[in-house]
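Novice: just the structure for this:
(chains A and B)
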Amino acid sequence: MLLQLHNIFKWVQQGGQRVFLLKDINLQVEEGEFISIMGPSGSGKSTLLNVIGMLDGFDEGEYNFFDEPVHRLKEKHRTNLYKQYIGFVFQAYHLIDELTVYENLEMPLLYKKLKSSERKAMVADMLDRFNIVGKKDLFPSQLSGGQQQLVGVARALISKPKLILADEPTGNLNSQQGIEIMELFKELNEEGVTIIQVTHSENNAKYGKRIIKLLDGRKLN
Amino acid sequence: MLKNHFKIAFRNLLKRKGYATINIVGLSLGLWCTLMIGLWIADELDKDGFHTNGDRICQVMSTFVSEDGIGDSWNGTGYPVGEALLDNVPEIEKVVRTTGQRDVVTSFGEKTINTKVIGADGGFFELFSFPLKEGDGKKCLNDLKSIVLSEEKAQLFFPDGNALGKTINLILDETEEPFLVTAVFESLPDNSTLQFEAVVPLDTFLPMNNKSWGNTWLQTYILNEKNADLTELSKKINDIPNTIGGDANRTLSLQLLKDRYLYSKFENGTPIGGRIDNVILFGIIAVFTLLIACFNFVNLTTAWAIKRSKEVGIKKVLGAGKLSLLTQFFVESIVLVFISVLVAVVLSYISMPFFNVITEKSLALDLTEPRFYGILSTIALAAILLSGIYPAYSMASFRSTNALHEKLQGNGAESALRKGLVVFQFILCMALISGTLVVYLQLDFIQNKNLGLNKENIIFMPLDGQTISQSKTIKDELANFAGIKNVSAAGTNFIDMGGSTQDPTWEGRPTNDAIKSFSIITLDFELLEMLNIQVVEGRSFSKTFATDTLNYMINEAALKLMNLDDPIGKSMQFWGDEGGKIVGVVKDFHFNSLHNQIAPMILRCRPNETWLLYIKTTVGSTQDAIAHMQKTHEKFSDLPFSYHFLDQAIENGYREEQKIQQLSTIFTSLAIIISCLGLFGLAMFTANQRIKEIAVRKILGANIVGLFKLLSKDFIKLVGLALLIAVPISWYVMQHWIQNFAFHITIQWWMFLSAGVLLLAIALVTVSYQTLKVATTNPSKSLRTE
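Specialist: Residues are numbered from 1 along each chain as shown, chains lettered A, B, ... in the order given. Below you'll find the predicted structure:
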């Protein structure tokens, strides 16, 4: 088992009242799954993804990742955990504007403190695999949306994560670009990478092997 | 990783040129200002620091206590003091006495020049570290007719370099005497307060003075035992004039020679300040400017950090630790500070000559000197710490999920800090502006104060050894010239009246009267009329009364001190003059600096004892008159001709204040510019942040005036708050400063009001550029979505 959420609650205090963002979420994810999370705006999709990605904490419940109790870990330990196992893909790509494609890809490796020669080889591999060798010296602003997201996915993959979390990865793309990215996810999943994506689109959700529906912070199925 | 940090830093600077420019310009100006003041302070602190025995060389100070209990301290001591100290205080190892510096006419063959000569005891070159180029420091002053020349003077007299053993002539006490050159000393360091061009044995000047305890014509320096306690030693010698010399009104104390320059002001025998006050004042200004500049930096950096939040968020998601982010932003601050330091050094290099003109120093940016790097790196380090730590910490602490969605605008603590810093900056600015304004008004007051005399168009000219015997002829020859209205003379240099005397006695003085001291002014007929000094009682000296050369006049201050109801006709004696009467009272007038009260004065009319000619020229003929004076002088003397304008000489008494005024004006302007840069940057940022809000308001019908108010309101509130806090502080400080002057302006509310209005206006203008820019933008442009 990759991860397990057990009775997760998350709330904010608003005007003396608790407003629940996540309410009693139970979820088990096995390795190699491809899960789509769906639901209307404000239903808690992104929050759930952030909780899984350990970017956000929660107020109640238990979260085990590879048998590590995330809810009891110190921040540093948590950082190490997600640094090692999780890759993120965002709707707005979130590439660093001041760095070139090459440097953006290299960034996660720097934080893993890999040697320069290793980094070079891994970045070169990634550029090759995604067919963007010619674009390696360009800055994000010089790329189309689809190309930027391609770099975003490449960056998420470069540290060989077990799990990819994608928050509406095709939200800013046109349909052709969207399809390309989803095909890419499908391929990756077939190679064994676990993928959890948040999406609004029924078509994209269908790429997932399992669909989770959220409403007002509650899991529907 | 570090390479990446630098890369991002530089690309960021290039991308946000406006922000980077404001930041760098502000910081460089601040660093420049601090560096200049730092160099100046280092120079001030370094006076007389070069003596090898510097920690043990003290000057003996004497304090004269009058009956009212107020002690007046100065560095003059009587002839016997040195020997008495050496004989009675075992902790004192050496004593060296020197005379004050005198202009002495020196000649060798055809060459005649003025030389600044001091007399000194034999151990002079052993006590002080003035290295000799030639000659033996132990013996060079042994012979009464020996002289030690400076390198420069020796070069002038003997260009071939062979000065030792030559004989040059000095005119002392109106007679020419030969002196043997026994040694040559190397050029004196600029930071020596002892400045002279030649040294002769002390006793050369003895015939013109005497060996009494009361005649304090010498400076006495001592070398104390290693590790001697100065306070203890001072106590030990305190009473020596009384116990050994029988002079009950005088006490002695010690002051380290190194401290003399900075602590020259005494109150009742203990040093209370002096130039150190200015050092502290400018030190404060330096710290203020550096703080202002660094706060700017912090403000701008944290404000613009919001634009960087996405980057922080991504990095955190990709696994960046806090430390790595801290390092990154710290590196960025270091890069900016480093660039600013370079700019500041270049600015300092360019501005140094102008700065030297104002400060009358010869500072230089000596890149080979460790002291320069010491100062520079201290300032740079302070700047890095002050401006780097907080922004780095704040940025590294962004929460990744918020940062990614750029939700950081509403950080209350952050914006409170920003506001606090702006308020603090403007408090400092306000303090600087109102301080400068008060200094300016005070100096203006001094320069335009009615001194009780007319100083316009008056030139004074000293007679020398050759012309003094011809003074009558010279006076007549000058008076006959068309451009000269009249000529008179004095035996006292009004600008530097020197000491006072307690000798006078007068008819009606009680036998048990307290000790009273008076300044004595010796003058010729018609001088009072020339200077337009008013007679309030009795009459002025007049040639029609033959006995007036025995008579006296007094000023109002003296009248008050003497406590006489009807002074006219009362007899008065001192200095062996008998048969004189008081014939008149003059209104108080100033020559001395307005730092001091007007001294009680006794005026004596002794035409035979005058040596300073006072010449009043007619308007517009000053140059002709001077030419004529020079011609006349050259007819009677082959010594150099010199003259001074009275008004300039009086103004010179305020040089220190003028320097301070000029410097503080410059540094205050800089501080204001830096603060305004910061305000400008913040306004730019706020305007940017609110660009959408402004657009919506405009579409809903807001007009430009309304928007301008909306955007400026916050800043003006901050500046206003700063003003409120600053006024009492600056009022207190300036009230203190102004007490340095016996005659001063009263500090009034409108001074602070005008300083405040000025600052507010500057702030408003600064902010308005940005706000108007945003307020006038076409709303459709700013609302266009990506």
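
Novice: and the pLDDT for the residue in chain B positioned nearest to chain A?
Specialist: Nearest residue of chain B to chain A: B:G319, at 3.4 Å (C-beta to the nearest C-beta). All C-beta atoms are positioned from the backbone trio N, CA, C, and that covers glycine. pLDDT, B:G319: 79.

Novice: how about A:H200?
Specialist: What the model reports for A:H200 is a pLDDT of 88.

Novice: the closest residue to it other than its chain neighbours: how many residues sit nearby?
Specialist: In space, and not counting its chain neighbours, A:H200 is closest to A:E168: 6.7 Å by C-beta to C-beta, 6 or more residues apart in numbering or on different chains. Neighbour count of A:E168, defined by other C-beta atoms under 10 Å in any protein chain shown: 20.

Novice: can you give me the strands for chain A?
Specialist: A:3-14, A:17-29, A:34-38, A:60-65, A:68-69, A:86-90, A:163-167, A:194-198, A:210-215, A:218-219 (DSSP state E).

Novice: and the residue nearest to the spatial centre of chain B, how far from B:L646?
Specialist: By C-alpha atoms, centre = their mean, chain B has its centre lying nearest to B:E656, at 3.8 Å. Using C-beta to C-beta, to the nearest Å, B:E656 is found at 20 Å from B:L646.

Novice: could you look up the SS state of the residue nearest to the centre of chain B?
Specialist: Classification of B:E656 by DSSP: H, G, I helix; E, B strand; the rest coil places it in helix.

Novice: list the contacts of it.
Specialist: Contacts for B:E656 (C-beta atoms under 8 Å, 6 or more residues apart in numbering or on different chains) come out as B:N278.

Novice: got phi/psi on B:L127?
Specialist: phi -70, psi -50 (degrees, to the nearest 10).

Novice: so B:R371 is in contact with B:L45, correct?
Specialist: No: if you go by C-beta atoms under 8 Å, B:R371 and B:L45 don't touch, sitting 10.6 Å apart.

Novice: wait, the residue of chain B closest to chain A sits on A:K112?
Specialist: Yes: in this structure, B:G319 is within contact of A:K112 by C-beta under 8 Å, at 6.8 Å.

Novice: interface residues of chain A facing chain B?
Specialist: A:50, A:53, A:55-56, A:76, A:79, A:82-83, A:88, A:90, A:94-99, A:103, A:107-108, A:110-112, A:155, A:159 (C-beta under 8 Å from any C-beta of the partner chain).

Novice: my guess is A:K219 contacts A:I212, does it?
Specialist: Yes: with contact defined as C-beta under 8 Å, A:K219 and A:I212 form a contacting pair (6.3 Å).

Novice: mutual contacts of those two, please.
Specialist: Counting by C-beta under 8 Å, 6+ apart, the contacts common to A:K219 and A:I212 are A:L27.

Novice: point out where chain A drops to low pLDDT.
Specialist: Under the criterion pLDDT under 70, no range of chain A is flagged.

Novice: by proximity to chain B, which residue of it wins?
Specialist: Closest contact between chain A and chain B, by C-beta to the nearest C-beta, is at A:K83 (3.4 Å).

Novice: just give me the neighbour total for that residue.
Specialist: For A:K83, the count of nearby residues is 20 (other C-beta under 10 Å).

Novice: ok, it - contacts?
Specialist: When contacts are counted by C-beta under 8 Å, 6+ apart, A:K83 touches A:108, A:111-112, A:159, B:318-319.

Novice: secondary structure element holding B:L421?
Specialist: Using DSSP states H and E, B:L421 maps to helix B:412-448.

Novice: could you pull up the mean pLDDT of that helix?
Specialist: Average pLDDT, helix B:412-448: 81.

Novice: tell me what it is packed against?
Specialist: Counting contacts by 3 or more C-beta pairs under 8 Å, 6 or more residues apart in numbering or on different chains; DSSP states H and E, helix B:412-448 packs against helix B:275-317, helix B:655-689, helix B:704-738, helix B:749-775.

Novice: hmm, B:R97 and B:W217 touching each other?
Specialist: No: using C-beta under 8 Å, B:W217 is not in contact with B:R97, being 9.6 Å away.

Novice: who has more neighbours out of these two?
Specialist: Remark: of B:W217 and B:R97, B:R97 carries more neighbours, 23 against 19, as counted by other C-beta under 10 Å.

Novice: so how far is A:L110 from the residue at minimal distance from the centre of chain A?
Specialist: Geometric centre of chain A, nearest residue: A:L165, 1.9 Å, by C-alpha atoms, centre = their mean. The gap separating A:L165 from A:L110 is 21 Å, by C-beta to C-beta.

Novice: just name the shakiest helix or strand of chain B by mean pLDDT.
Specialist: helix B:779-783 (a mean of 67; mean pLDDT, DSSP states H and E).

Novice: on that earlier part again, burial check on the residue of chain B closest to chain A, number of neighbours?
Specialist: Using other C-beta under 10 Å, B:G319 is surrounded by 21 other residues.

Novice: just the closest of the contacts of A:K83 to B:P90, please.
Specialist: Of all the contacts of A:K83, B:P90 sits closest to A:Y111, with 73.4 Å by C-beta to C-beta.

Novice: nearest spatial neighbour of the closest one, chain-adjacent residues omitted?
Specialist: B:G319 (3.9 Å).

Novice: the one you found: what secondary structure?
Specialist: Criterion first, three-state DSSP; result for B:G319: coil.

Novice: contacting residues for it?
Specialist: A:79, A:82-83, A:108, A:111-112, A:159.

Novice: and for B:F715?
Specialist: Contacts of B:F715 (C-beta under 8 Å, 6+ apart): B:422, B:679, B:682-683, B:763, B:767.
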